[in-house]
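In: Quick one: sequence and predicted model below, then my questions.
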Amino acid sequence: MLIKKPGDIPSSEIAAEDVYLNRRKFLAVAGVATAGLVGSRGLLSAFPAARQDDKPNTWEEITGYNNYYEFGTDKDDPAANSKNFRTKPWTVKVDGLVKKPADYQFEDLVKPYKLEDRVYRFRCVEAWSMVIPWQGIPLAEMIKTFEPLPSAKYVQFTTIYAPNEMPGQKLAILPWPYVEGLRMDEAMHPLTLMVTGLYGKTLPNQNGAPLRLIVPWKYGFKGIKAITRISFVEKQPRNTWQISASNEYGFYANVNPEVDHPRWTQASERRIGQFRRMKTLMFNGYADQVASLYAGMDLRKNF
Amino acid sequence: MTTTSMKKLALVVVALVPLALIGWRFYNNALGANPIRETEIQTGLWTLRLLAVTLSVTPFRKSFGWNFLAKYRRTLGLTTFFYACVHLSMWAGVDWFFAWGDMWHEIVKHKYILIGMTTWLIMLPLAVTSTKGWVKRLGKDWTRLHRLIYVAAITGTIHYLWAVKKDTFFPLVYLAVFTLLLSYRIIIARQKSSRESRRQSAASVAA
């Protein structure tokens, strides 16, 4: 098994030195199970692999270049338009197939847990990327407290609907409110983080305050922001981008250099702040930790 | 230097102001966190804007009798093509750093890149044949060939439309503008041909 306990993955160490070798090993092993997945593109690409220079992006880059359509579709809109967004008081509804459904005040929800610092690569489906020092709580710990029933197979997250504070929600660009989902084993994975902070500070509004999801091996749009509801469900939820364009965005949205988006290549990416493109890594470089979750699955179909 | 060529030069200088501003912002790190992408977007948008200005010359001439505008059409057209070249160079030379294999994959796999490349290829022969020599050499064919600029306007706008994710408002505004300009030309051409056929039938009756 490739799953590691949280202790095995130091928060500061996002890319071990041998990650590239391991990736090759992983590709060799996975090649049998997922023949055809390992095309020639990613390996033949002229760009260096993304492991190079994984130093965190600056505060300005992380808080000034955001996809957060609730506050506008341009990258600088969220920073400009989220100033009056109220994150206090904040309630998170936990419901569905769970022993302890409740409406939590944000402070009560996060109080029982120790905040962890995690530096993760962040790969947007638009083929740009950053390295971001998040602060948060492993989702698995929260979920254990809620005590989901065995029938709960998926977790569904919902963003707040507040069109008066989120001008983008007044436009029919996407069906509001934003919804995302994870399979239970993905939600319970030690890398999956409920984020409350950035660079050790309170999470800025444009980055999804007060509470957002980060799943570092998936494209950025899986990281739903301003979460106001967590539901445990039996059926696979339909996430917002999938509803909006199911030929372009799937449920899994695992970073995969071999499966292109119709508009963007996924074989390479531009790290914000760097001049040259770099090769995108399978599962965003977290293959060692997460590849086993998808063993035997056709990742071309389940994109 | 004649007054006209002075004016043409002034026009080029004015048309290059947006590019100078983009360059200035690039140099001063004022294009946001992803300046390469932003430069691609801005040079692409200015290509479409200048194309719209170029295509407005004839309607303005005909509607308001501003025939002096005709002199500046080539200058405007070539400046438009220059912006298209900067746009393409940013993509090939800076964004992709001349990684030909990767670029080829982009072109064949992503339809918005394919149609963008097509647009540039349509504009290329128009720029090449814009000289007086070529106008003379091609005669009537020159006009026919240069009608391709309307095709370029439409494919260029579709390139923009397919490049955006969800917010299609502005691409559709550009599409509307170009459709209007194109319809104006079609209506004028229809009127002209019906006038000519009337004249012809009148001539045959008289005979």
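Out: Yes, it's here.
In: Please make it C-alpha for all contacts and neighbour counts, starting now.
Out: Fine.
In: in what helix or strand does the residue of the stretch 151-300 of chain A at minimum distance from chain B lie?
Out: Here the residue of the stretch 151-300 of chain A nearest chain B is residue A:263; by CA to the nearest CA that distance is 5.5 Å. Under the criterion DSSP states H and E, no helix or strand holds residue A:263.
In: Check the burial of it by counting its neighbours.
Out: For residue A:263, the count of nearby residues is 20 (other CA atoms under 10 Å in any protein chain shown).
In: Equivalent analysis for residue A:164, please.
Out: By other CA under 10 Å, the residues close to residue A:164 number 11.
In: Can you pull up the most central residue in chain B?
Out: With distances taken as CA atoms, centre = their mean, the residue of chain B nearest its centroid is residue B:51 (3.3 Å).
In: Need the pLDDT of it.
Out: In the predicted model, residue B:51 carries a pLDDT score of 97.
In: packing partners for the helix or strand it falls within?
Out: Residue B:51 belongs to helix B:35-64 when assigned by DSSP H and E. Applying 3 or more CA pairs under 8 Å, 6 or more residues apart in numbering or on different chains; DSSP states H and E, we find helix B:35-64 packed against helix B:3-27, helix B:73-89, helix B:148-163, helix B:169-206.
In: looking at these, which is closest to chain A?
Out: Checking these against chain A by CA to the nearest CA gives helix B:148-163 as the closest, at 7.0 Å.
In: The closest residue to residue B:70 other than its chain neighbours and chain A, how far apart?
Out: Counting by CA to CA, 6 or more residues apart in numbering or on different chains, residue B:57 is the residue found nearest to residue B:70 once chain neighbours are left out, at 6.7 Å. Here the criterion is CA to the nearest CA, to the nearest Å. By it, residue B:57 lies 32 Å from chain A.
In: Show me what from chain B comes close to chain A.
Out: B:32-34, B:94-97, B:99, B:101-102, B:106, B:109-112, B:162-163, B:166-167 (CA under 8 Å from any CA of the partner chain).
In: For ChimeraX, write the select line for the buried members of the residues you listed.
Out: Provided next is the ChimeraX selection string for whichever of these are buried by 16 or more other CA atoms under 10 Å in any protein chain shown:
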select /B:32,33,34,94,95,96,97,102,106,109,110,111,112,162,163,167
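In: out of the residues of chain B next to chain A, which are inside helices?
Out: Of the positions in the residues of chain B next to chain A, B:101, B:102, B:106, B:109, B:111, B:112, B:162, B:163 sit in helices, assigned by DSSP state H.
In: Farthest-apart pair in the residues you listed, please.
Out: B:101 and B:162 (22.5 Å; CA to CA).
In: In a strand, residue A:165, correct?
Out: No. Counting by DSSP: H, G, I helix; E, B strand; the rest coil, one finds residue A:165 to be coil, located in no strand.
In: Next, count neighbours for it.
Out: Residue A:165: 17 neighbours (other CA under 10 Å).
In: how about it, phi and psi?
Out: Dihedral pair for residue A:165: phi -110, psi -20, per degrees, to the nearest 10.
In: check contacts around the spatially closest residue to it that is not a sequence neighbour.
Out: Leaving aside its chain neighbours, residue A:165 sits nearest to residue A:85 (5.4 Å; criterion: CA to CA, 6+ apart). Contact analysis of residue A:85 by CA atoms under 8 Å, 6 or more residues apart in numbering or on different chains lists A:165, A:166, A:205.
In: Wait, the first one touches residue A:78, no?
Out: No. In this structure residue A:165 lies outside contact range of residue A:78 using CA atoms under 8 Å: 11.6 Å.
In: returning to what we had before: quick one, what contacts the residue nearest to the centre of chain B?
Out: So residue B:51 contacts B:76, B:77, B:80, B:153 (CA under 8 Å, 6+ apart).
In: Kindly report the same for residue A:139.
Out: When contacts are counted by CA under 8 Å, 6+ apart, residue A:139 touches A:187, A:188, A:189, A:190, A:192, A:193, A:194.
In: Among these, which ones are in strands?
Out: Secondary structure from DSSP state E places A:193, A:194 of the contacts of residue A:139 in strands.
In: will you turn the contacts of residue A:139 into TSV that also has neighbour count?
Out: Shown next, in TSV, are those (neighbours: other CA atoms under 10 Å in any protein chain shown):
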residue	neighbour count
A:187	22
A:188	19
A:189	21
A:190	22
A:192	20
A:193	26
A:194	27
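In: Could you pull out the buried residues of the least confident helix or strand in chain B by mean pLDDT?
Out: Lowest mean confidence among the helices and strands of chain B (mean pLDDT, DSSP states H and E): helix B:169-206, at a mean of 87. Within helix B:169-206, the residues scored as buried using 16+ other CA under 10 Å are B:171, B:174, B:175, B:178, B:181, B:182, B:185.
In: Find the residue closest to the third one in space, skipping its chain neighbours.
Out: Computed as CA to CA, 6+ apart, the closest residue to residue B:175 that is not its neighbour in sequence is residue B:157, at 6.0 Å.
In: Give me the neighbour count for the closest residue in space to residue A:282 that isn't next to it in sequence.
Out: Of all residues not flanking residue A:282 in the chain, residue A:256 sits nearest, at 5.1 Å (CA to CA, 6+ apart). By other CA under 10 Å, 25 other residues sit near residue A:256.
In: pretty sure residue A:256 belongs to a strand, no?
Out: No. Assessed by three-state DSSP, residue A:256 does not belong to a strand; its assignment is coil.
In: Now do the contacts for it.
Out: Counting by CA under 8 Å, 6+ apart, residue A:256 makes contact with A:266, A:267, A:280, A:281, A:282, A:283, A:284.
In: How about residue B:114?
Out: Counting by CA under 8 Å, 6+ apart, residue B:114 touches B:106, B:107, B:108.
In: Among those residues, pick out the one closest to chain A, please.
Out: Using CA to the nearest CA, residue B:106 is the member of the contacts of residue B:114 that lies nearest chain A, at 6.9 Å.
In: is it true that that closest one touches residue A:267?
Out: No. Here residue B:106 lies out of contact with residue A:267, judged by CA under 8 Å, at a distance of 10.3 Å.
In: Is chain B within reach of the longest strand seen in chain A?
Out: When chain A is parsed with DSSP E, its longest strand is strand A:128-138. No. For strand A:128-138, no contact with chain B is found by CA under 8 Å from any CA; the gap never falls below 8.6 Å.
In: then that strand to PDB, C-alphas only?
Out: This file holds the C-alpha atoms of strand A:128-138, laid out as PDB (Å, rounded to 0.1, in the frame of the first residue of the first chain):
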ATOM      1  CA  TRP A 128      -1.100  27.100 -14.200                       C
ATOM      2  CA  SER A 129       0.100  26.200 -10.800                       C
ATOM      3  CA  MET A 130       1.400  27.500  -7.500                       C
ATOM      4  CA  VAL A 131       3.000  26.200  -4.300                       C
ATOM      5  CA  ILE A 132       0.900  27.200  -1.300                       C
ATOM      6  CA  PRO A 133       1.500  27.100   2.500                       C
ATOM      7  CA  TRP A 134      -2.000  26.300   3.800                       C
ATOM      8  CA  GLN A 135      -3.000  25.900   7.300                       C
ATOM      9  CA  GLY A 136      -5.900  23.700   8.300                       C
ATOM     10  CA  ILE A 137      -7.400  20.500   9.700                       C
ATOM     11  CA  PRO A 138      -7.200  17.100   8.000                       C
END
